[in-house]
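Novice: Following is a predicted model, sequence given first.
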Amino acid sequence: MSTITRTLRESRGLGVGLLLAVVATSGAGANAATPSPPSAHYWHIWTDASGSTHQTKCEIRNFDLKSMNPPAQPQWQARMAPSNATVIVTVQPVGWSGPWHEDPKPQWIIPLSGRWFVESTDGTRTEMGPGEISFGEDQNTKPDTTGRKGHSSGTVGNEPATLMVVQLESPPVTNSPCHFR
C-alpha cells in the first residue's frame, strides 16, 4: 500500500508546477538495500483524432528514490515536466452536475473528500474518491451524434466533493493516452 503525497512547487517564481511524490510504505520501504520502485495510477480523459473522448487507466512508473530536501529521508518521486499552473480548490455541492463540456485546460484533478464521476463520449464512466487522480485533457473535441462533446461530471453520494484542480499552462496532447508515465 502506498501513501500518495501531492506537493506543489514554485516554478521560476511565476507559477506552480505539479510534483507527485509517492512514499512506499509496503514491504521493502525506503531503507531496504534494493527497494523496488512503486507505481501510481491515474485516469486520463483524452481526445482521439476524430474528436471523441475516452478514459484510460494509466500507470506512472518513472519513480526515483531521493530526498525532497536533505536531511529528509529518501522517498519515491515521479516528477512531471515543469509547467506554470493555476491551483484551484473547488467544492461541488451534493447533487452537482456539470453537463457535457471540455476541460478548460489540461488539468490534474485530485479528490480530497467526497466522490465524483466523469463520463466520456465513448460511454465510459469512472467514479473517484480521495487519493485517486484524474488528468483531464479533453480539449479539441467534436460533438457526437447526440451533440455531446468533452465529458459530463458530477458528485456521487450524499456529501459534497472537494477537489484540488491543477490547471497546466501547456497545450493539450491529442490521440495519446497515458503520456505521463
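Specialist: That came through, no problem.
Novice: Name the residues linked to residue 108 by a beta bridge.
Specialist: Beta bridges link residue 108 to residue 135, residue 166 when assigned by DSSP bridges.
Novice: That one: neighbour count?
Specialist: Around residue 108 there are 22 other residues, counting by other CB atoms under 10 Å. In this view, the C-beta of every residue, glycine as well, is placed from N, C-alpha and C.
Novice: so it touches residue 165, yeah?
Specialist: Yes. Applying CB atoms under 8 Å as the test, residue 108 and residue 165 come out as touching, 7.2 Å apart.
Novice: Just read off the phi/psi values of residue 123.
Specialist: The phi/psi pair for residue 123 (degrees, to the nearest 10) reads phi 90, psi 0.
Novice: Quickly note the distance from it to residue 151.
Specialist: For residue 123, the distance to residue 151 equals 11 Å [CB to CB, to the nearest Å].
Novice: Which one's more surrounded, those two?
Specialist: Set residue 123 next to residue 151 and count neighbours by other CB under 10 Å: residue 151 wins out with 25 against 8.
Novice: Next, the more buried one: phi, psi?
Specialist: phi -150, psi 160.
Novice: The one 10 residues further on too?
Specialist: For residue 161, the backbone dihedrals (degrees, to the nearest 10) come out as phi -110, psi 120.
Novice: Could you find the closest non-adjacent residue to it?
Specialist: residue 114 (3.6 Å; CB to CB, 6 or more residues apart in numbering).
Novice: in the chain, which segments are predicted with low confidence?
Specialist: Within the chain, the segments meeting pLDDT under 70 span 1-34.
Novice: And the strands in it?
Specialist: 2-11, 15-24, 40-47, 53-60, 64-66, 75-79, 85-92, 97-101, 107-113, 115-120, 125-128, 134-137, 151-156, 161-168 (DSSP state E).
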